[in-house]
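*Asks:* Could you look at this predicted model? Sequence included:
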Amino acid sequence: MNRLLTAQEVSKILGFKEHAVYRMAREGILPVVHIGRSIRFDPEKLRAWIDGGGKALPGGWRKEA
């Protein structure tokens, strides 16, 4: 079994700020594992998500007003 990754580790892998990783997880963009109130990331699912081209932010890449 692989060790689950923290949001901080995923932020380094993806090159995003940690708060962006949390937001993407909350919006269902990134695949997460919920453990109580904490979230972790399965490295195999994260790799499959990356290999599959990821998922766009709702509304495209523009920030909604």
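*Replies:* Cool, got the structure. Quick caveat, the model's predicted, so the values are computed rather than measured.

*Asks:* contacts, neighbours, all on C-alpha from now
*Replies:* Will do.

*Asks:* hey, where'd the strands end up in the chain?
*Replies:* 33-35, 38-40 (DSSP state E).

*Asks:* Please convert those to TSV, extending it with distance to residue 15, mean pLDDT and mean neighbour count.
*Replies:* Shown next, in TSV, are the strands of the chain (distance: least, C-alpha to C-alpha, whole Å; pLDDT from 0 to 100; neighbours: other C-alpha atoms under 10 Å):
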stretch	distance to residue 15	mean pLDDT	mean neighbour count
strand 33-35	20	93	10
strand 38-40	17	96	15
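
*Asks:* Using a markdown table, please lay out those strands together with distance to residue 24.
*Replies:* Listed next are the strands of the chain as a markdown table, based on distance: least, C-alpha to C-alpha, whole Å:
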| stretch | distance to residue 24 |
| --- | --- |
| strand 33-35 | 13 |
| strand 38-40 | 12 |
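
*Asks:* right, and these - which one's nearest residue 18?
*Replies:* strand 38-40 (12.5 Å; C-alpha to C-alpha).
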